[in-house]
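Trainee: Let's see this in three dimensions:
(one chain, ligands or ions: 2)
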Amino acid sequence: MNISTLQPLGWSHFFLQQIDTDTFEKLQSNELEIFRISAVHRSVIKGLGSTWSEGEVELLCPDSFHPVSEHFCVGDWVIAQRTHEHLRIVQVLDAKNQLERLSNQKRQLMAANLDYLFIVTSANSDFNLKRLERYLAMAYESHIEPVIVLNKIDLTDDVDSFLDQVRALKVSEVMTISMLKPDSFLSLTHFLQVGTTIAMVGSSGVGKSSLINALFTHVRTEKSSDSVNLQAIGEIREDDDKGKHTTTSRQLLINEQGVLFIDTPGIRELQLLNAQEGIEQTFGDIVNFAQQCKFTNCTHQTEPGCQILAALESGSLTQSHWDNYQKLLKENAFNARTAQGSYAQKQHMKTFSKMVNREQTRHRQDKGK
Ligand SMILES: Nc1nc2c(ncn2[C@@H]2O[C@H](COP(=O)(O)OP(=O)(O)OP(=O)(O)O)[C@@H](O)[C@H]2O)c(=O)[nH]1
Ligand SMILES: [Zn+2]
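Mentor: Residues are numbered from 1 along each chain as shown. Ligands and ions are numbered 1, 2, ... in the order given. Down below sits the predicted model:
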């Protein structure tokens, strides 16, 4: 196969250098082929290869890569071997980054090899700074460049009041757009290059689907090379292993400009998992204050010489920023514990709810006296 044909799918030197000589020769003789995973459904895995413009192909996944959600996900690069009519995955290349979530108390890969994470918010009452901080921590943790997209600027006369709050997060890329002002999309052009992979996160209703539809009005992942309207194929029907039809959505889209877009189910409701580093990067100001506390093991509660308490007092650190930092740290620690020891956690919750029940019963009894 001709590896250079993979470049429009986001292929780069990072992946090429992972291929050994033996594999390279087999790729040359078409014994092996490279694919980018474009969909992971319950019973079907699909990928785009050198003939990607002709559509997705189905890939077989050996047991050694099960459960799939722990081994690879949409956006990953894999090497497959052609045996008879089938293509069987034999190797998953290391990803340059991955987004993951906690599902049924297990880590589940959501998207891999992203160039940008669009963190979408809107210039109305849905604007939520704390949520932005959470998504930022996630992007930093996964080493994906965050782009904050402030949508619905048509709904406010005071964009600056929103922008001031966003700028306090010290993110280098902040874009303001409105679906009613198509010219405003020009600010996004810089990110919309051939072979660039983007995922979007943000609260419900901020306009992610609208933006995808606007930027990705045409996709080419269907078998025919004709462009198909995104909305029309946003949902497809697939036979599951019991022969029943299930509705699933497209997971890797390519628009007419050659921009790749990952929209796996659940990617929009990501929680923090093992994001200590990302949180510290997002809350760099707090980390700076804490480093100047008199005691290295300062808990920032009552200690003399605590710079956090001093900053809260002087107003250089707002209470809500500090509260959110602590909340995210707790959430992260909780999720990490859950992922590592779901059993221990379950036991803990059982004991805890028993204790709460006991307390409630006692309270009711006390009231009844
Ligand atoms: N005024 C205004 N309305 C917008 C804009 N962008 C989207 N909307 C509207 O906001 C509503 C929600 O938009 P969606 O694109 O569905 O939001 P979403 O983020 O995809 O929501 P979920 O699918 O729930 O995650 C729709 O009624 C859109 O028409 C905008 O720039 N200005
Ligand atoms: Zn302190």
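Trainee: what residues go with each domain of this protein?
Mentor: Per the record, the chain has its domains at 3-94, 111-269, 276-368, by automatic domain parsing.
Trainee: Which helix or which strand is home to the residue of the stretch 101-250 of the chain found nearest ligand 2?
Mentor: Using Cβ to the ion, Glu133 is the residue of the stretch 101-250 of the chain that sits closest to ligand 2, at 20.4 Å. C-beta coordinates here come from the backbone N, C-alpha and C atoms, glycine included. According to DSSP states H and E, Glu133 maps onto helix 129-141.
Trainee: Could you list every helix and strand that that helix packs against?
Mentor: strand 116-122, strand 145-151, helix 159-167, helix 276-282, helix 319-340 (3 or more Cβ pairs under 8 Å, 6 or more residues apart in numbering; DSSP states H and E).
Trainee: Can you check which of the ones you listed gets nearest to Leu252?
Mentor: Across those, Leu252 has its closest neighbour in strand 116-122 (15.0 Å, Cβ to Cβ).
Trainee: what packs against that closest one?
Mentor: Applying 3+ Cβ pairs under 8 Å, 6+ apart, one finds that strand 116-122 makes contact with helix 129-141, strand 145-151, strand 197-201, helix 208-215.
Trainee: can you list those in TSV and add distance to Pro182?
Mentor: Formatted as TSV, the helices and strands packed on strand 116-122 follow (distance: least, Cβ to Cβ, whole Å):
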stretch	distance to Pro182
helix 129-141	25
strand 145-151	13
strand 197-201	18
helix 208-215	7
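Trainee: got these as CSV, with mean neighbour count and distance to ligand 1 columns?
Mentor: Putting the helices and strands packed on strand 116-122 into CSV (neighbours: other Cβ atoms under 10 Å; distance: least, Cβ to the nearest ligand atom, whole Å) gives the following:
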stretch, mean neighbour count, distance to ligand 1
helix 129-141, 22, 12
strand 145-151, 23, 5
strand 197-201, 24, 8
helix 208-215, 18, 3
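Trainee: how about TSV for these, with distance to Gln251 and mean pLDDT added?
Mentor: TSV is the format used below for the helices and strands packed on strand 116-122 (distance: least, Cβ to Cβ, whole Å; pLDDT from 0 to 100):
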stretch	distance to Gln251	mean pLDDT
helix 129-141	19	88
strand 145-151	21	96
strand 197-201	10	92
helix 208-215	12	86
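Trainee: Nearest to Asn113, out of these?
Mentor: Of these, nearest to Asn113 by Cβ to Cβ is strand 197-201, at 5.9 Å.
Trainee: Near Leu252, how many residues? Count them for me, please.
Mentor: Around Leu252 there are 26 other residues, counting by other Cβ atoms under 10 Å.
Trainee: Return the backbone torsion pair for it.
Mentor: phi -130, psi 120 (degrees, to the nearest 10).
Trainee: Next, find the distance separating the closest residue to Leu329 other than its chain neighbours from Gln193.
Mentor: In space, Leu329 comes closest to Ile279 once its chain neighbours are excluded; the distance is 6.1 Å by Cβ to Cβ, 6 or more residues apart in numbering. Applying Cβ to Cβ, to the nearest Å, the value for Ile279 to Gln193 is 30 Å.
Trainee: Can you pick out the residue with more neighbours from the two?
Mentor: Ile279 (24 against 11).
Trainee: Quick check: that one touching Lys330?
Mentor: No - if you go by Cβ atoms under 8 Å, Ile279 and Lys330 don't touch, sitting 10.5 Å apart.
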